[in-house]
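[1] Sequence plus the predicted model coming up.
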4 protein chains.
Amino acid sequence: MRTDRLETFADGVLAIAATLLILNVDTQIGEHQQDLAHRLLEIWPSYAGYAVSFITIGIIWVNHHGLMTQIERADRIFLFLNVFLLLVVAFIPFPTRLIAEHIQDDGATAAAVSYGINLTLVAVMFNLTWFYASRDARLLRPDHDPNAVKGISRSYRPAPYIYFAMTLVAFLAPVVAVLLYGGFALFWMIESSLFGRSRTQA
Amino acid sequence: MRTDRLETFADGVLAIAATLLILNVDTQIGEHQQDLAHRLLEIWPSYAGYAVSFITIGIIWVNHHGLMTQIERADRIFLFLNVFLLLVVAFIPFPTRLIAEHIQDDGATAAAVSYGINLTLVAVMFNLTWFYASRDARLLRPDHDPNAVKGISRSYRPAPYIYFAMTLVAFLAPVVAVLLYGGFALFWMIESSLFGRSRTQA
Amino acid sequence: MRTDRLETFADGVLAIAATLLILNVDTQIGEHQQDLAHRLLEIWPSYAGYAVSFITIGIIWVNHHGLMTQIERADRIFLFLNVFLLLVVAFIPFPTRLIAEHIQDDGATAAAVSYGINLTLVAVMFNLTWFYASRDARLLRPDHDPNAVKGISRSYRPAPYIYFAMTLVAFLAPVVAVLLYGGFALFWMIESSLFGRSRTQA
Amino acid sequence: MRTDRLETFADGVLAIAATLLILNVDTQIGEHQQDLAHRLLEIWPSYAGYAVSFITIGIIWVNHHGLMTQIERADRIFLFLNVFLLLVVAFIPFPTRLIAEHIQDDGATAAAVSYGINLTLVAVMFNLTWFYASRDARLLRPDHDPNAVKGISRSYRPAPYIYFAMTLVAFLAPVVAVLLYGGFALFWMIESSLFGRSRTQA
């Protein structure tokens, strides 16, 4: 099976999951809102949550893009691994809203832990998907770039542990964990922008 | 008519229907939720419903993908059969929410029956779409694989009866029916992953 | 400019507009619904509205598909005519919900008239889009089929008048108008399935 | 990296953001609306907001389309600039709803300013994305049209200043600013339709 419909479907799910995030901001404004200006400033965690999750889904999209460039064909197992990957990615808007609404109240721990578990599962599914395809070059293009393949493997492997560690932090200090989630997304984006080219072309 | 826009449209509807499922989970959390951690554990049927329906839509997508690989062109009747197929697939988020909300109360039977009817209609439409295209090789590629065509026909034909039987079970024992819906999706996915290749390549 | 991104964008908007229709059904079921079975039967107008509008958007998609097969390139005016076409198509879920909710109460006239105005505007925009592209073969493929072009023109031209007439009916007898909307969609689908091939290939 | 998946993802986000705008109109009608006809006339700012924002997103799509025709490949930085561009575009439905709901009450200033800030950020991101790609022809096609490139640069550069100025107007006279937002979208669309061809082909 060719991979083009997988890419269309994945791009669709990722685009929708990212765009639905705005509904989380929207529900923070009641229908007969008094003092709109004040309320708009008050809900700043919603904007931060929107930005971090949008960028995180953007990173997932860039990664999926990079992964697929090395892959030639898909079998059923690979398709279903992608379905599971998309299943956990499409879940992200939910804990994003929990954090935006509860970071300043009693629910902060539950919200930050949910987000951490979700992102840990995304990282696990990314690894399963990639290692299923790349193990013994099972689904790779005949002309795949061995250095790029090694580079992808090296950059994916630690992600589940990092997100799991941040989830543990969330149990003790949810605000710190949330800052780590945002910081890690930002770090990954900058690091991969600056060194991604040299790494995949090395 | 070529089939590429049909695939884009179908992938769009399937991706959106799957991604909208998260809204069902989202509405389970009220706006000023007390004891968020407890509530997040309490709504586990929502997560199960989300996962089963996401995977079911994923299976539909994989099947549609497989079906289209044997088809070369589309006529109007085939396009409208696809519109009807997508119409019933895009309906799935609704009974999914009913099950998630009502599986533990009086509405369990109505919810489980709705889901069963919906999935039965999906299976019926899949058969109508496929047999319209494959009868006398009407829309098949000149180089279609006769064994793959037979394999698809054989795997589609029992599905409406199976879902209809599960719908009947739902009238008597909704929880059992819901377990069957989930179990059947899981079984189909595993069976087709392991034997799909040998069946279509036999 | 090539037309492929126009098709992706149009397919995206059409797929989303169709899939969002299920939210109209969903809001008919309150959060703590008593007697779910009874309520599910009571809201049958929502199912009918969902089906008619989904099929109507499906017809629009098939028509857009057919129109684009004769067109080779897009200029800015054509792109913006398409944006306006999509603008009125993406509006359809709103009057669909109004009909589903109000067909049995005082709001029936307002709801049925809204739907009629919306569909009239869709038909007008389809004509503007098509006649801009086909007038003097402005954007048509060099090898376009003159009979297919004439067939499209002939089938588009009466639509705005038909929908306008049905809108006038809605002022007097909203239920009759709603039956006409559904009947016209069904008629168009069947007629074009049976005679579409011979008409475009004549 | 090739740019096709970027276009699919961008078209997906733009199509969804545009289509979600109808939800803003939808929420203006309560569940048990008395005197539906009167209410439908009363919420005319929602229709205007829907139209202006749909057209604005349409303009963004046409611009993105035009920009990508000159670009051959994408690096990581370009992909992330696009993610940020889409992040601010997908935000548009939110201030659109604020304007539609509050243009006639105390919240008008806050709503109009929010919209202005959002559109200013869109214009800034468009410039960053474009100048990153076109500076020293970094990502341009070898056969890019230097006049088209200059034309794009010339038409993008003033946009952030224009939107910033309109945002300042919003602080003093929100209704005037909202008219300017709509007028500017209309002006841009007409101007680029009439002169776009000559400018890019000059």
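    Structure received.
[2] does A:Gln104 really touch A:Trp44, like I thought?
    No - the pair A:Gln104 and A:Trp44 fails to qualify as a contact (C-beta atoms under 8 Å) at a distance of 10.2 Å. Heads up, the C-betas are built off the backbone N, CA and C, glycines and all.
[3] Was I right to think A:Leu128 contacts A:Leu81?
    Yes - A:Leu128 sits in contact with A:Leu81 when judged by C-beta under 8 Å, with a separation of 5.8 Å.
[4] More neighbours: these two, which one.
    Each of A:Leu128 and A:Leu81 has its neighbours counted (other C-beta atoms under 10 Å in any protein chain shown); A:Leu81 has more, 21 against 14.
[5] How about A:Leu36, nearest residue that isn't a chain neighbour?
    In this structure, A:Leu36 finds its nearest non-sequential neighbour in D:Gly107, 3.2 Å apart by C-beta to C-beta, 6 or more residues apart in numbering or on different chains.
[6] Counting neighbours, what do you get for the one you found?
    Neighbours of D:Gly107 using other C-beta under 10 Å come to 23.
[7] From C:Ile77, how far off is it?
    Distance, D:Gly107 to C:Ile77, using C-beta to C-beta, to the nearest Å: 37 Å.
[8] Also A:Thr27?
    Counting by C-beta to C-beta - A:Thr27 and C:Ile77 are separated by 39 Å.
[9] State the three-state secondary structure for the residue lying farthest from the centre of chain A.
    Distance from the C-alpha centroid of chain A, by C-alpha atoms, centre = their mean, peaks at A:Gln34 (35.4 Å). What DSSP: H, G, I helix; E, B strand; the rest coil gives for A:Gln34 is coil.
[10] For the closest residue to it other than its chain neighbours, give me its contacts.
    Using C-beta to C-beta, 6+ apart and skipping the chain neighbours, the partner closest in space to A:Gln34 is D:Asp106 (7.8 Å). Residues near D:Asp106 by C-beta atoms under 8 Å, 6 or more residues apart in numbering or on different chains: A:34-36.
[11] List, one by one, the residues from chain A near chain D.
    A:7-8, A:11-12, A:14-16, A:18-23, A:25-26, A:29, A:31, A:33-37, A:40, A:50-51, A:54-55, A:58, A:61-62, A:65-66, A:68-69, A:189, A:192-193, A:196-197 (C-beta under 8 Å from any C-beta of the partner chain).
[12] Mark which of those residues are buried, thanks.
    When the residues of chain A next to chain D are checked for burial by 16 or more other C-beta atoms under 10 Å in any protein chain shown, the buried set is A:7-8, A:11-12, A:14-16, A:18-23, A:25-26, A:29, A:33, A:36, A:40, A:50-51, A:54-55, A:58, A:61-62, A:65-66, A:68-69, A:189, A:192-193, A:196.
[13] Report the mean per-residue pLDDT for stretch A:47-54.
    For stretch A:47-54, the mean pLDDT works out to 96.
[14] Not counting that stretch itself, show me its contacts.
    A:18, A:21-22, A:24-25, A:92-93, A:96-97, A:99-100, A:181-182, A:185, D:83, D:86-87, D:90-91.
[15] Equivalent analysis for stretch A:95-105, please.
    Contacts to stretch A:95-105, defined as C-beta under 8 Å, 6+ apart, come from residues A:21, A:24-25, A:27-28, A:43, A:45-46, A:48-50, A:52-53, A:107-108, A:110-112, A:114-115, A:117-118, A:174-175, A:178, B:26, B:29, B:31, B:33, B:36, B:40.
[16] what packs against the helix-or-strand element of chain A with minimal mean pLDDT?
    Least confident helix or strand of chain A, by mean pLDDT, DSSP states H and E, is helix A:174-201 with a mean of 82. Helix A:174-201 is packed against helix A:44-69, helix A:108-134, helix A:146-156, helix A:159-172, helix D:76-89, with contacts defined by 3 or more C-beta pairs under 8 Å, 6 or more residues apart in numbering or on different chains; DSSP states H and E.
[17] Dump these to TSV, plus distance to C:Ala165.
    As requested, the helices and strands packed on helix A:174-201 are exported to TSV (distance: least, C-beta to C-beta, whole Å):
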stretch	distance to C:Ala165
helix A:44-69	46
helix A:108-134	53
helix A:146-156	61
helix A:159-172	60
helix D:76-89	40
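[18] Lowest average confidence across those, which one?
    helix A:146-156 (a mean of 89).
[19] Can you mark which positions in it are buried?
    A:148-149, A:151-152, A:155-156.
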